[in-house]
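Participant: Any chance you can model this:
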Amino acid sequence: MNISHVSLVALLLSVAVVSLADAQENNQPPEGFVALFNGKDLTGWRGMGHFSPYKWAEMTDEQRAEMTKKNNEDLRQHWRVENGELVNDGHGVYATTEKDFGSIELWIDYKTVPKADSGIYLRGTPQVQIWDTTEAGGKWNIGAKEGSGSLWNNKKAGNRALVLADKPFGEWNRFHIKMVGDVVTVTLNDKLVVDAVPLENFWDREKPLFESGPIQLQTHGGEIRWRNIFVREIDPAQEASQ
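Facilitator: Down below sits the predicted model:
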């Protein structure tokens with residue numbers, strides 16, 4: 001192999017490595033995933049707060065349209081895009097996907113501030129928890145000291161993180177969330193924090209979880225920033241056969 005050929009191979013390998021790294025940064029999805037946030041604007045997102053899907057289903061089309069209009073006005077007031085980051089000021093409705101999802105694999109990065117309290121709703125259901133995990137945050141006794149990532153609203157299991165995996169304030173955290181059927185597994189910064197636990201139906205615990213629903217980014221009490229939001233839809237039957 002001559003020197004020029006070696007150089008060409010090295011160049012191609014370096015480009016491949018850079019492309020792979022970029023595929024999960026700069027809001028560019030890895031292979032098999034789609035980006036829910038384009039890094040530029042709120043395309044694909046609407047406003048919706050903590051609101052029961054059962055009540056939503058009972059509303060007329062006109063009522064839903066009016067509520068959506070008000071929620072979207074609120075969304076534009078409290079959410080913005082800055083340097084490729086989706087930023088909330090700690091107030092207002094939640095950023096909610098226009099599309100509903102069932103079984104999914106989700107990557108998402110976040111960075112927040114002291115005393116903020118946030119989370120990720122799956123199928124419109126609370127939630128994968130995000131805490132201020134310090135004692136000064138004021139929520140140690142209700143699960144914060146165990147760390148973020150738990151299914152905090154569960155009553156039976158999974159409502160405490162298995163390990164404290166949060167990075168210090170000012171640093172980015174990365175969730176990997178896999179949900180097949182109602183069973184959720186969560187890693188935070190490459191550490192397992194929820195191990196195959198069913199997400200309970202918060203809205204009616206006597207009923208099964210909804211088969212599909214939106215992904216929501218919760219806002220509560222302090223600025224939070226999001227980026228690199230990627231999703232892959234899963235066929236549960238196919239997943240079970242693997």
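
Participant: any low-confidence regions in the chain?
Facilitator: 1-23, 240-242 (pLDDT under 70).

Participant: Name the residues linked to the residue nearest the centre of it by a beta bridge.
Facilitator: In the chain, the residue lying closest to the centroid (C-alpha atoms, centre = their mean) is residue 120, at 4.7 Å. Per DSSP bridges, the residues bridged to residue 120 are residue 128, residue 217.

Participant: thought it was touching residue 219?
Facilitator: No - counting by C-beta atoms under 8 Å, residue 120 stays clear of residue 219, with 11.6 Å between them. All C-beta atoms are positioned from the backbone trio N, CA, C, and that covers glycine.

Participant: tell me which element residue 80 falls in.
Facilitator: Secondary-structure assignment from DSSP states H and E places residue 80 in strand 79-82.

Participant: Which other helices and strands does the helix or strand following that strand contact?
Facilitator: Next in sequence after strand 79-82, counting helices and strands by DSSP H and E, comes strand 85-88. With contacts defined as 3 or more C-beta pairs under 8 Å, 6 or more residues apart in numbering; DSSP states H and E, strand 85-88 has these neighbours: strand 79-82, strand 224-233.

Participant: same thing but at 6 Å, please
Facilitator: With contacts defined as 3 or more C-beta pairs under 6 Å, 6 or more residues apart in numbering; DSSP states H and E, the packing partners of strand 85-88 are strand 224-233.

Participant: So for the strand it packs on, what gets flagged as buried?
Facilitator: Using 16 or more other C-beta atoms under 10 Å as the test for burial, strand 224-233 gives 224-232.

Participant: Within the sheet, what are the partner strands of the strand holding residue 80, with directions?
Facilitator: Applying DSSP bridges, one finds strand 79-82 paired with strand 85-88 (antiparallel).
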